[in-house]
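> curious how this folds, go ahead:
(2 chains)
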Amino acid sequence: MPAPLIQTQQVVKRFGALVANDHVDLTVEAGEVHALLGENGAGKSTLVKMLYGLLQPDAGRILWRGEKVVLDGPRAARRRGIGMVFQHFSLFEAMTVAENVALALDGDEPLPRIAARLAEVSRAYGLPLEPGREVWQLSVGERQRIEIVRCLMQDPQLLILDEPTSVLTPQEAEGLFATLDRIRAEGRAVLYISHKLEEVRRICEAATILRHGKVVARCDPRAESAASLARMMVGSTVLGVTHEAAAPQGPVRLAVASLSLPPAEAHGVALRDVSLSLHGGEVLGIAGVAGNGQDELFAALSGERLAPRAEAVLLDRRPVGREGINARRRLGAAFVPEERLGHAAAPRFPLSENALLSGHAAGGFVAGGLVRRGQLLGFVDEVTRTFDLRKGTRDPEARALSGGNLQKFTVGREILRRPMVLVVAQPTWGVDAGAARRIRQALLDLAAEGSGVLAISQDLDELLEIADRIAVMFHGRLSAPLPVSGLTRETLGLLMGGSGFPADAPEAA
Amino acid sequence: MRLVLERRSETPLALRLGSPLLAVTLTLASAFVIFAAMGQDPLNALHVYFIAPLSDSWGLQEVAVKATPLVLISVGLALCYRSNNWNIGAEGQFLVGAMAGGWLALATHGAPDGPWLLPAMLACGALGGALFALIPALLKTRFGANEILTSLMLVYVAELLLDWLVRGPWRDPQGFNMPVTVTFEPEAVVPLLLEGGRLNIGTPIALLVVALLAVLVGRTLKGFEIRLVGEAPRAARFAGFDEKKLTWTVFAISGALAGLAGILEAAGTVRMLQPGISPGYGFTAIIVAFLGRLNPVGCLVAGVFLAVTFIGAENAQIMLRLPLDVTRVFQGLLLFYVLACDTLLLYRPRLVRGAHA
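A predicted model of the protein is given here:
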């Protein structure tokens, strides 16, 4: 039997006190699609960064075709035949597809030759691309194709894909799977990082599962169920939330009327004629591929960006489009942004001050300009109790909490104030299954008490689980909301890909 | 073997306190070497520099007199730096404060009128410093101009303005053509605290300011806003704080404190206006602010330490014939060591063996 394509033996990587990879053994054979599974923070990214030469192991060794290798940089990895497509792309928006590819290649091939080769490779793998288009005009799916094609042009034996479908519509993901089949058929190997278990069961023939930096299982995902894979990842059984989707009944709590906003920055997304109404007692989901205007919608709803007209945003029928975020909070709204550290919370501030951050306007934490520390600490204790926060001390710095615990805190500090309207972006992004369940249940409980909850999420499964109605964002427009009962992933997928939306007017640029 | 800097997840309190002490120790060690290289007995020189100023009542008073402007300016700068506003122009705001307050003293010269004069002068000084500091704030918030450059360049404007005033319209006609104004009337002079020294009520004012700002930073919503804007600007917007308004506020406060220090110096220690009114207090205060960890009480301690080096330098010049520039070298070294030691706060140095066993 020939030596495996790539193998790690007892690889260890530490970051300070944290052991990100603890004696990890991974074996990938030529011609297989191998899944690397684990929750966020389980050490998947650390491991593949070592395989791609971005990090150096503190101990252990890496074997390439049975031979010990030192990968002291991505260039060394590429020379061996290892290519990687990152979750976050590194493309220059103002340059063409071919120019972007040329920048990433190690040789000094002339641009026309690269463009020709690019066209050929993209045809051969079913990844349609126009070499002359500028990147800013392309969708996220097309951008990912550039990244994949430029890896394939280096003729890799091992292709590493980090969460490739998180930015794709279901239909685009199908296209990717067909490409992976072709790559496998040529005898190349794929290391596929994901936490979407259905997808892994379909396309991978081997899986290595990490938990807390250690390998906890190796299996053939085709022989497992999604539930059994989840159990291996989490280490315990994951319960679902209880929710019956229903038609909206309560009064309109939050309404947006024909809101248009130019992009805040170059190549940003403009909001075009967005309208929605959120009723008390319901969870309204906003689906869509990342970067279709969800961030802009959140900023407009929260008041971090003001609307052109006061009537464009109504909170309990009061026009608040020209009011800042604190005025909206005083009227009973609460907000949870997507980015936990740096936006929702200040990393080096203790939790008590992070409670003050969003609560100073309406939470009763300030008297005569003075901060009431005792009050804040009591509030932190209450969030801790209600949401089962795990932390070392009573009032640690925000950055000392794990992602899931910090997310429970940033959602919990808003829910405990019993807001009339809660706008939450990516409520469980990068959160382990147990914390995600608790957060989703808390959102549902809040809605059940009569508040309106607007959840912006890229995770369709999450929205289908908690929402009563779902609307889709595409190129800054928002579809009419569809009731969840009877809604299929396929219908949503088509909307996420832009069908049913009015064609965009040609850009003024 | 290689040296790796690893990010710390939490900074221990002992290090926070220890890092400035380590910087001071390293500065003293460097001073030891420098004195030896200059042919002095290092221990004796260190004694003259750092111990002698603290060993008699006159020296202690002088230390307080020097520390007062340093502390006043640096606590204001600390607010600016905490909130990511880089006011480098306190020297200019100090001079404008001296000129604004001094103008009132000169305008009433010969006909001083009651006890309101001195408080009014102090208010004018603070107001002048604040208005002068608002120029870089305006340029930053309105046009996006870099406040480091604009505030620094305005120092030279203030210096030249003072130069022109004391050589031109404000020159003392009986001053033998020296570039000085008349000596202020007794009513326009900051009263002394003790007979037979130079300690005046500026020092208790500075202590009061330190106490007020310590409460502001640590206990009030405004202090939280200042810290949050500097630490996490996006989170500050989420908190609903207006970054631009805050830029105006901290520039105004630090300018007012620098201006107050300026008029206290002019009407207290110097009692007239002249070009050399500040031995670089506005710039030294930057070192004080960082050595004091941008914390009001820390600035008080650091201000006293820097004041000792000023007095020590005068002592050393007289007793050891060492040039005053040596002090500048020490102050520069000190800032360098403070910033270097701060790296230890954020990172843990670790030696690692080669990764490939």
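
> need the residues of the stretch 201-350 of chain A near chain B, please.
A:302-304, A:324-326, A:329, A:335, A:337, A:339, A:342-349 (CB under 8 Å from any CB of the partner chain). All C-beta spots, glycine's among them, are computed from the backbone N, C-alpha and C.

> B:Ser278 reaches B:Val96, doesn't it?
No: taking contacts as CB atoms under 8 Å, B:Ser278 lies outside contact range of B:Val96: 11.4 Å.

> who's more crowded, the two?
More neighbours surround B:Val96 than the other of B:Ser278 and B:Val96, with 30 against 25 (other CB atoms under 10 Å in any protein chain shown).

> what is the mean pLDDT for the helix or strand harbouring the more buried one?
Assessed by DSSP states H and E, B:Val96 sits inside helix B:90-107. Helix B:90-107 shows a mean pLDDT of 96.

> in it, which residues are buried?
Neighbour counts over helix B:90-107 (16 or more other CB atoms under 10 Å in any protein chain shown) mark B:90-106 as buried.

> by contact count, what packs against that helix?
Judged by 3 or more CB pairs under 8 Å, 6 or more residues apart in numbering or on different chains; DSSP states H and E, helix B:90-107 is in contact with helix B:57-82, helix B:117-143, helix B:147-167, helix B:243-264, helix B:281-291.

> now the ones you listed as TSV including mean pLDDT?
TSV is the format used below for these (pLDDT from 0 to 100):
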stretch	mean pLDDT
helix B:57-82	94
helix B:117-143	97
helix B:147-167	96
helix B:243-264	97
helix B:281-291	93
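
> minimum distance to chain A: which of the ones you listed has it?
Nearest to chain A among the helices and strands packed on helix B:90-107 is helix B:243-264 (11.6 Å), distances taken as CB to the nearest CB.

> restricting to C-alpha, output the closest one in CSV.
These are the backbone C-alpha positions of helix B:243-264, laid out as CSV (Å, rounded to 0.1, in the frame of the first residue of the first chain):
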residue,chain,number,x,y,z
GLU,B,243,-16.7,60.4,18.5
LYS,B,244,-16.4,63.9,17.0
LYS,B,245,-18.1,65.6,19.9
LEU,B,246,-15.7,63.7,22.2
THR,B,247,-12.7,64.9,20.2
TRP,B,248,-13.9,68.5,20.9
THR,B,249,-14.4,67.8,24.6
VAL,B,250,-11.0,66.2,25.3
PHE,B,251,-9.1,68.8,23.3
ALA,B,252,-11.0,71.6,25.1
ILE,B,253,-10.2,70.0,28.5
SER,B,254,-6.6,69.3,27.8
GLY,B,255,-6.1,72.7,26.2
ALA,B,256,-7.8,74.4,29.2
LEU,B,257,-5.5,72.6,31.7
ALA,B,258,-2.4,73.4,29.6
GLY,B,259,-3.5,77.0,29.5
LEU,B,260,-4.2,77.0,33.2
ALA,B,261,-0.7,75.7,33.8
GLY,B,262,0.7,78.4,31.5
ILE,B,263,-0.9,81.3,33.3
LEU,B,264,0.0,79.8,36.7
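
> does that helix reach chain A?
No: if you take CB under 8 Å from any CB as the test, helix B:243-264 misses chain A, and the best it gets is 11.6 Å.

> list the buried residues in that helix.
For helix B:243-264, a neighbour-count test (16+ other CB under 10 Å) marks B:246-264 as buried.

> tell me the angle that helix makes with helix B:57-82.
Here helix B:243-264 runs at an angle of 160 degrees relative to helix B:57-82 (axes from the mean of the first three to the mean of the last three CA atoms, to 10 degrees).

> so what does helix B:243-264 touch, helix or strand wise?
Helices and strands touching helix B:243-264, by 3+ CB pairs under 8 Å, 6+ apart, are helix B:57-82, helix B:90-107, helix B:117-143, helix B:202-219, helix B:221-231, helix B:233-238, helix B:281-291.

> middle-most residue in the chain, spatially?
In the absence of a named chain, this looks at chain A. A:Trp429 (5.7 Å; CA atoms, centre = their mean).

> wait, I meant chain B there
Central residue of chain B (CA atoms, centre = their mean): B:Ala285, 2.2 Å from the mean position.

> wait, isn't that one in contact with B:Ala90?
Yes: using CB under 8 Å, B:Ala285 makes contact with B:Ala90 at a distance of 5.6 Å.

> between the two, which contacts overlap?
B:Ile73, B:Leu77, B:Ala258 (CB atoms under 8 Å, 6 or more residues apart in numbering or on different chains).

> so what's the residue count around the first one?
This means B:Ile73. Applying other CB under 10 Å, we find 37 residues neighbouring B:Ile73.

> ok, it - contacts?
Shown in contact with B:Ile73 (CB under 8 Å, 6+ apart): B:Ala90, B:Phe94, B:Ser254, B:Leu257, B:Ala258, B:Ala261, B:Tyr281, B:Gly282, B:Ala285, B:Val288.
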